[in-house]
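Novice: I need the structure of the sequence given here:
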Amino acid sequence: MTGAARPLDGIRVLEMGQLLAGPFAGCVLGYFGAEVIKVEPPRGDPIRGWRVVRDGTSLWWASLGRNKKSVTLDLQSPRGRELAKALAAKSDVLIENFRPGTMEKWGMGPAELKALNPELIVARVSGYGQTGPYSAQPGFASVCEGFAGFRYLNGVPGSAPVRPNISMGDTLAGLHAVLGVLLALTARLRRKAPAGQVVDVAIYESVFNMLEGVVPEYDGAGVVREPSGSTITGIVPTNTYRCADGRYVVVGGNGDSIYQRLMRAMGRPEMAEDPRFATNTKRVENEREIDLAISAWTGANASAKVLEVLREADVPNGPIYSVADMMVDPHFNARGMFETVSVAGKPLKIPAIPPLLGETPGRTEAPGPRLGAHTDEVLQQVLGLSERERAELRAAGAI
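Specialist: You can find the predicted model right below:
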């Protein structure tokens, strides 16, 4: 459906953040049709040089910077800030993830922006939010994941909390920013809000939003959920098991009938019928015995065999995939989870962005652009600046 309409066609987003949370929000909005103008400092977004670099630019940038127009502005200079304000005046959405107070210091706080553009939606992403006693503190994803309670739960009892090898808090905050922007756009469309509004996203709150029943369980019963390794508290069996070939599989047999099918598939019908394991509550009381039985069975069989047997028994199961496994898996490919772009004349696969929309699907039009590739285009077409005016701005170091 190349060229099909996308849901955010005609929406202009001014992205002023760097690194991950704000730019990921811009990436998602751009994938679904928004015109995303990314404001970068003259040295560029640091992610251009992070992790694996090829031909001078990180491979990650091709994905995170997709579908964006790169405009270089020196926001430390008055003229650079004037240009940013002018772009905000002609945008539908502004995304920023600076430390609270920075935009106000630049004369670009919500009040100033509202005066310029009453319809503007301002999405602000920060570690702790725009208000509260901790709002001024720097908040990276790693710190906020701990503050929000996730790191306490994630790990093995008695060991140091484990960090996932991704900046999960930033990505969750980016997704919450997208949600907030879409809600604000809907309110604006239906005239449920006076005009534009501020979307205040905190990284720690985005992680906090994932804690399921942790809060009511503590308040109602005084229960503090503890780390539980590769299991999940209060649901049995659901765990990760090592197979004879050294690979791991995930088995989720925590429904009563599913548990019975699992045991029969393993050749343990006596455990399927044992009243000690008839309900989840009873299985939790006997978790160790059940896990030992499953571990013994998986440890005696290759992972492919384990997965085949469990699929035939209709027991939820799956492998632990690396990215190399995903790239060759037929389901990932049938669902279109990889897109190929050309970067410096070389093909590169980057991930598609769900959800899949039947009539107005998102798509990658172009990989992350070179630094400042669209500065002249945007300043001319959006702000009407002449070639002479742009040359003067370059000479002054504003762009």
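Novice: so what's residue 44 up against?
Specialist: For residue 44, the contact set (CB atoms under 8 Å, 6 or more residues apart in numbering) comprises 72, 371. The C-beta positions use only the backbone N, C-alpha and C, and glycine is treated the same way.
Novice: host element of it?
Specialist: According to DSSP states H and E, residue 44 maps onto no helix or strand at all.
Novice: ok, how many other residues are close to residue 390?
Specialist: By the measure other CB atoms under 10 Å, the count of residues near residue 390 is 17.
Novice: from memory it sits against residue 372, does it?
Specialist: No. Residue 390 lies out of contact with residue 372 (CB atoms under 8 Å); the separation is 11.4 Å.
Novice: got any residues that touch both of the two?
Specialist: Counting by CB under 8 Å, 6+ apart, the residues touching both residue 390 and residue 372 are residue 399.
Novice: so where's this structure uncertain?
Specialist: In the predicted model of the chain, residues 1-2, 193-194 satisfy pLDDT under 70.
Novice: could you point out the longest helix in it?
Specialist: For the chain, the longest helix by residue count, based on DSSP state H, is helix 168-189.
Novice: next structured bit after that helix?
Specialist: Counting by DSSP H and E, the element after helix 168-189 in chain order, helix or strand, is strand 198-202.
Novice: in its sheet, what does that following strand sit against?
Specialist: Note on strand 198-202: by DSSP bridges, its sheet partners are strand 121-126 (parallel).
Novice: re the thing from before, the longest helix of the chain vs strand 198-202, what angle?
Specialist: Between helix 168-189 and strand 198-202, the angle comes out at 160 degrees (axes from the mean of the first three to the mean of the last three CA atoms, to 10 degrees).
Novice: look up how far residue 391 lies from the residue lying closest to residue 385 once chain neighbours are set aside.
Specialist: Computed as CB to CB, 6 or more residues apart in numbering, the closest residue to residue 385 that is not its neighbour in sequence is residue 379, at 4.5 Å. Distance of residue 379 to residue 391, computed by CB to CB, to the nearest Å: 11 Å.
Novice: who's more crowded, those two?
Specialist: Taking other CB under 10 Å, residue 379 and residue 391 do not tie; residue 379 has more neighbours (22 against 12).
Novice: for that one, which residues are in contact?
Specialist: 71, 83, 385, 389, 390, 393, 399.
Novice: farthest-separated two in those?
Specialist: Using CB to CB, the contacts of residue 379 span at most 14.6 Å, a distance reached by 71 and 389.
Novice: of these two, give the one with the bigger neighbour count.
Specialist: residue 71 (26 against 13).
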